[in-house]
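Participant: please work out how this folds:
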Amino acid sequence: MASLTARERDVLACLGAGMSNADVAVALGITEATAKTHVSRVLAKLGRSSRMQAAVVAVEAGVTLG
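Facilitator: This next block holds a predicted model:
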């Protein structure tokens, strides 16, 4: 998880909160396409294949937004 950028950690926190790509975009002030890209990168860096798996990582690690 140390390889995640600050923005990717924010996205991970959003995933942990159960947010959709549209919700992530609104919460972080980015486009939905950018949110989708960030989610894909987070999944790849964590070696996970689903948003749910990433959400579990976020919750277990205590990753929250700001």
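
Participant: residue 50 contacts residue 43, correct?
Facilitator: Yes: contact criterion CB atoms under 8 Å: residue 50 and residue 43 qualify, at 7.5 Å. Where C-beta positions appear, they are placed from N, C-alpha and C, glycine not excepted.

Participant: the more surrounded of those two?
Facilitator: More crowded of residue 50 and residue 43, by other CB atoms under 10 Å: residue 43, with 19 against 10.

Participant: just checking, what packs against the host helix or strand of the more buried one?
Facilitator: Assessed by DSSP states H and E, residue 43 sits inside helix 32-46. Applying 3 or more CB pairs under 8 Å, 6 or more residues apart in numbering; DSSP states H and E, we find helix 32-46 packed against helix 6-16, helix 21-28, helix 51-61.

Participant: and residue 12, how far from residue 25?
Facilitator: Residue 12 sits 15 Å away from residue 25, going by CB to CB, to the nearest Å.

Participant: which of these two has more residues huddled nearby?
Facilitator: residue 12 (26 against 19).

Participant: residue contacts, that one?
Facilitator: 1, 4, 42, 46, 54, 57-58, 63 (CB atoms under 8 Å, 6 or more residues apart in numbering).

Participant: save the helices and strands packed on helix 32-46 as a markdown table, and put in mean pLDDT and distance to residue 38 too.
Facilitator: What follows is the helices and strands packed on helix 32-46, written out as a markdown table (pLDDT from 0 to 100; distance: least, CB to CB, whole Å):
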| stretch | mean pLDDT | distance to residue 38 |
| --- | --- | --- |
| helix 6-16 | 97 | 4 |
| helix 21-28 | 98 | 7 |
| helix 51-61 | 97 | 11 |
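
Participant: tell me the most buried of the ones you listed?
Facilitator: helix 6-16 (a mean of 21; mean count of other CB atoms under 10 Å).

Participant: now the angle from that one to helix 32-46?
Facilitator: Comparing the axes of helix 6-16 and helix 32-46 via axes from the mean of the first three to the mean of the last three CA atoms, to 10 degrees yields an angle of 90 degrees.
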